[in-house]
Structure formats: structure tokens, C-alpha cells
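K.L.:
Below are the sequence and a predicted model for it; my questions follow.
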Amino acid sequence: MPSDAGRPVSGPEEGDMWISAVEAAALLGLKPDTLSKMRRMGRGPRWSTALGRRAPRYRASEVRAFMESGLVRNTAQADHFHRRNS
């Protein structure tokens, strides 16, 4: 479901795009409600309130960086990561 939020903008990465919360949730494999809960808890990728709290926008690069921050090589690392971030 494309939106006008996916327009290229100048920023840290040339051609980076602002995406809606629904689009960010889809990239993360989450339900939009789950991403909303993460926002309220101060977890998840950084987001912009420029359009108001009811219309959060994410940079696609921030969503990718958030996913990469959780990369692990084995289950012991995964357990440590989840204990640290709980």
C-alpha cells in the first residue's frame, strides 16, 4: 500500500525515504499495533513526530538499522540480547 510518505528526502543517506508506521511494521514483520506499543515503551526504531504523534513517520534506513542491531551469530548471543533489552 504505497503512500505519499515514501518520497525521497535529503538526509543522512541520499534517497532515504520516510515511510508510514504501517509500512515500517511491514518491513519489520510486525503488526502496526505492536510497533505502536514499542513506540510507547521507547523501543524500536527512531521516528519523527513532524506530522504529529498520530502520524509517525520512520526513515527506512532507521528501520533497517534497528533490525541490524539485533543480528546475532548463535542462540547464546540471542539470549543475551533479549535479556539486555527486556
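P.N.:
Perfect, thanks for sending it. Numbers count the residues shown, from 1 in each chain.
K.L.:
quick one: the helices in the chain?
P.N.:
In the chain, the helices defined using DSSP state H lie at 21-28, 32-40, 60-69, 75-84.
K.L.:
Please spell out which residues along the last one are buried.
P.N.:
Within helix 75-84, no residue counts as buried by 16 or more other CB atoms under 10 Å. In this view, the C-beta of every residue, glycine as well, is placed from N, C-alpha and C.
K.L.:
How far does that helix sit from its chain's centre?
P.N.:
20 Å (CA atoms, centre = their mean, to the nearest Å).
K.L.:
Check stretch 35-49 too.
P.N.:
Here stretch 35-49 is found 8 Å from its chain centre; the criterion is CA atoms, centre = their mean.
K.L.:
please begin residue numbering at 24 from this point
P.N.:
New numbering, starting at 24: the last item is stretch 58-72.
K.L.:
ok, and what's touching that stretch?
P.N.:
With contact meaning CB atoms under 8 Å, 6 or more residues apart in numbering, stretch 58-72 is reached by 41, 44, 47-48, 51, 53, 79-82, 85-86, 88-89, 108.
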